[in-house]
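1. generate a structure from the sequence data that follows.
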Amino acid sequence: MMTRSGKDQQAIIEQIRIQLPAIVKSCLAEINSANASESADLKATLSDIKLSLDSMKKELIKVQESQEFIAAKFDDFEKQLENNTATIKKNEEIIETQKEQIQLLRGRTEEMDRQARLDLLEFHGIPVSSTEDTGSLVMDVIAKITSLDDSNCISFSHRKFKSSDPKAKPPPIIVKFTSRKIRNNIYEARSKLRPAENSPQAHTDTPKVFIVENLTEKNRNLLFEARDLKKELGYAYLWTNNGKVLIRKNQNSAALQINSMEDLNKMNEKSSH
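-> Sure, this is the predicted structure:
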């Protein structure tokens, strides 16, 4: 015979048996609900990741396109640089050729200018007067050193410039002669105008008359520079002949013609070694 306590336990077990399916079903429902929520969140997350990846892909495409654009531009730049380099080189060659042509033209012009002055001489130290006749003044000088007495040997004459300073040296008289032979004879006789060392004229302040060639501006500058170099290097002679500048170390050495500043620089460099 079953006791009361045993009956109660049996009743409880039966009740649990009856309610267990419902409890299990409820639990499964809750689990499925939770899984569904997590799945939705996961889908949302995956969707966001996909959108981010798509955006990154688009950015990468843009970067790639930009790199391709830059590469194409760089290629164009390289080609343009090559073309510009070739053009610059060609222009440099043209400029160099033009420089040579200009130098050649300058040389020809200088030579023409020199030859045009071969009939001219400059007479320095002749005092200025208000009513002077430069031709007569020159002929007075010529008569002292040559047998010439005919003023018709002068084509024209004039003062080179005039100074307003009364203490300034008298400006030279430029003379063109009708004959180069006459001009050369007068130039060769110019040393006769130099007073002797023991003469009274050698020790006075009176302007000394002397004759020089009418040089081109280039050769005039060369002569000026050569005077300083002559003293520095101890050369004995410096003179001009036919409008050219010449220098000589001593009586036994050969005369050197100075055509440019480069010639003077070479002489200076040679003496320093």
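
2. how much space separates residue 104 from residue 158?
-> 33 Å (Cβ to Cβ, to the nearest Å). Yep, even glycine has a C-beta here, placed from its N, CA and C like the rest.

3. for residue 229, list the residues it contacts.
-> 235, 264, 267, 268 (Cβ atoms under 8 Å, 6 or more residues apart in numbering).

4. how does it look with 6 Å?
-> residue 264 (Cβ atoms under 6 Å, 6 or more residues apart in numbering).

5. kindly state the pLDDT recorded for it?
-> With respect to pLDDT, residue 229 scores 92.

6. distance check, it against residue 208.
-> For residue 229 relative to residue 208 (Cβ to Cβ), the value is 24 Å.

7. residue 169: neighbour count?
-> Using other Cβ atoms under 10 Å, residue 169 has 12 neighbouring residues.

8. pLDDT value on it, please?
-> pLDDT, residue 169: 86.

9. tell me the SS of it?
-> With DSSP: H, G, I helix; E, B strand; the rest coil as the basis, the three-state label of residue 169 is coil.

10. give me the next element, helix or strand, following the helix of greatest length in the chain.
-> Longest helix of the chain, by residue count under DSSP state H: helix 4-116. Later in the chain than helix 4-116, the nearest helix or strand by DSSP states H and E is strand 120-124.

11. tell me what the helix or strand that that next one is followed by is packed against?
-> Per DSSP H and E, strand 120-124 leads on to helix 134-145 as the next helix or strand towards the C-terminus. The contact analysis (3 or more Cβ pairs under 6 Å, 6 or more residues apart in numbering; DSSP states H and E) places helix 134-145 against strand 154-159, strand 173-177.

12. what about 10 Å?
-> Contacts defined by 3 or more Cβ pairs under 10 Å, 6 or more residues apart in numbering; DSSP states H and E place helix 134-145 against strand 120-124, strand 154-159, strand 173-177, helix 180-188, strand 210-213.

13. highest average neighbour count across those?
-> Ranked by mean neighbour count, the helices and strands packed on helix 134-145 are led by strand 173-177 with a mean of 22 (mean count of other Cβ atoms under 10 Å).

14. could you list the low-pLDDT ranges of the chain?
-> Within the chain, the stretches with pLDDT under 70 are 1-9, 24, 31-38, 162-164, 166, 196-207, 273.

15. would you map out the domains in it?
-> 54-116, 117-214, 215-273 (automatic domain parsing).

16. save those as a markdown table, and put in distance to residue 11 too.
-> Shown next, in a markdown table, are these (distance: least, Cβ to Cβ, whole Å):
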| stretch | distance to residue 11 |
| --- | --- |
| domain 54-116 | 64 |
| domain 117-214 | 152 |
| domain 215-273 | 135 |
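
17. residue 21: which of those domains is closest?
-> Nearest to residue 21, of all the domains of the chain, is domain 54-116, at 48.1 Å by Cβ to Cβ.

18. how far does that closest one sit from the chain's center?
-> Averaged C-alpha coordinates place domain 54-116 at 18 Å from its chain's average position (Cα atoms, centre = their mean, to the nearest Å).

19. stretch 124-138 too?
-> Per Cα atoms, centre = their mean, the centroid offset for stretch 124-138 relative to its chain is 48 Å.

20. then stretch 188-195?
-> 48 Å.

21. output that stretch as PDB, nothing but the C-alphas.
-> Extracted C-alpha coordinates of stretch 188-195, given in PDB (Å, rounded to 0.1, in the frame of the first residue of the first chain):
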ATOM      1  CA  GLU A 188     109.700 106.900 -89.600                       C
ATOM      2  CA  ALA A 189     111.300 110.400 -89.000                       C
ATOM      3  CA  ARG A 190     109.300 111.000 -85.800                       C
ATOM      4  CA  SER A 191     112.300 110.200 -83.500                       C
ATOM      5  CA  LYS A 192     114.000 113.400 -84.700                       C
ATOM      6  CA  LEU A 193     111.400 115.400 -82.600                       C
ATOM      7  CA  ARG A 194     112.800 113.900 -79.400                       C
ATOM      8  CA  PRO A 195     115.100 116.400 -77.700                       C
END
